[in-house]
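In: Can you look at this prediction? I've put the sequence above it.
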Amino acid sequence: MTHKTIKATVNGEVYERTIPVCMTLAEFLREELGLTGTKIGCNEGECGACTVIISGKPMNSCLVLAVEADGAEVLTIEGVSQGEKLHPLQQAFLDAGAIQCGFCTPGMVLTAKALIEENPNPTEAEVRKGIEGNICRCTGYNRIIDAIMNEAERVRGDK
């Protein structure tokens, strides 16, 4: 098996590892770095549970080879909060009752974070479109959409 040494910045910390070239970013985060907040659901890019932000863009980490993250900045759910203090978006999910089993939550939060950073004034339709790559089997999405809309209002200063 061929290996390659990569250097990636994950949650603001630089990591250098020699890994198999066929290792996905999701596997790298979970197995090499112990960042198990990145969930592996379908392993086919369909569910969004493994979503992370790579150089500002939300991506399914099960579809990205870890070697492709060489030199990139990666943000996982562990990097969103400030220690024990939740990020306001995470708090918005809690406040809206948008979390049930929690499996989809890390990917959903990171997708929503990127969406709000790109468009702090999304319509409900834009939020629905923005999270369409993230599957939730528990909540029915309404509370998730409410949480994202509430956070967008907070970011804009409407709340």
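Out: Nice, I can see it.
In: Distance-wise, check residue 31 relative to residue 72.
Out: 18 Å (Cβ to Cβ, to the nearest Å). Quick note: C-beta positions are derived from backbone N, CA and C, even for glycine.
In: between those two, which one's more packed in?
Out: In this view residue 31 and residue 72 are compared by other Cβ atoms under 10 Å, and residue 72 has more residues nearby, 17 against 14.
In: Contacts only, for the more buried one.
Out: Listed by Cβ atoms under 8 Å, 6 or more residues apart in numbering, the contact set of residue 72 reads 8-9, 54-55.
In: Nearest residue to residue 101 in space, ignoring adjacent ones along the chain?
Out: Distance criterion Cβ to Cβ, 6 or more residues apart in numbering; nearest residue to residue 101, sequence neighbours excluded, is residue 138 at 5.2 Å.
In: On the three-state scheme, the one you found is what?
Out: Recorded secondary structure, residue 138: coil (DSSP: H, G, I helix; E, B strand; the rest coil).
In: just checking, it touches residue 98?
Out: No - taking contacts as Cβ atoms under 8 Å, residue 138 lies outside contact range of residue 98: 9.7 Å.
In: the more surrounded of those two?
Out: The neighbour comparison of residue 138 against residue 98 (other Cβ under 10 Å) goes to residue 98, with 26 against 15.
In: Surely that one is in a strand?
Out: No - Residue 98 sits outside any strand when classified using three-state DSSP, being coil.
In: which residues touch residue 96?
Out: 143-144, 146-147, 150.
In: re earlier: and the gap between the residue nearest to residue 101 and residue 29?
Out: Taken as Cβ to Cβ, the span from residue 138 to residue 29 is 24 Å.
In: Can you pull the poorly scored residue ranges out of this structure?
Out: Low-confidence regions of the chain, defined by pLDDT under 70, span residues 159.
In: Give me the domain ranges for it.
Out: Per automatic domain parsing, the structural domains of the chain span 3-79, 88-156.
In: so what's residue 141 up against?
Out: 128, 131.
In: before we move on, the earlier item: looking at the contacts of residue 96, spot the one nearest residue 113.
Out: The closest of the contacts of residue 96 to residue 113 turns out to be residue 147 (Cβ to Cβ; 11.6 Å).
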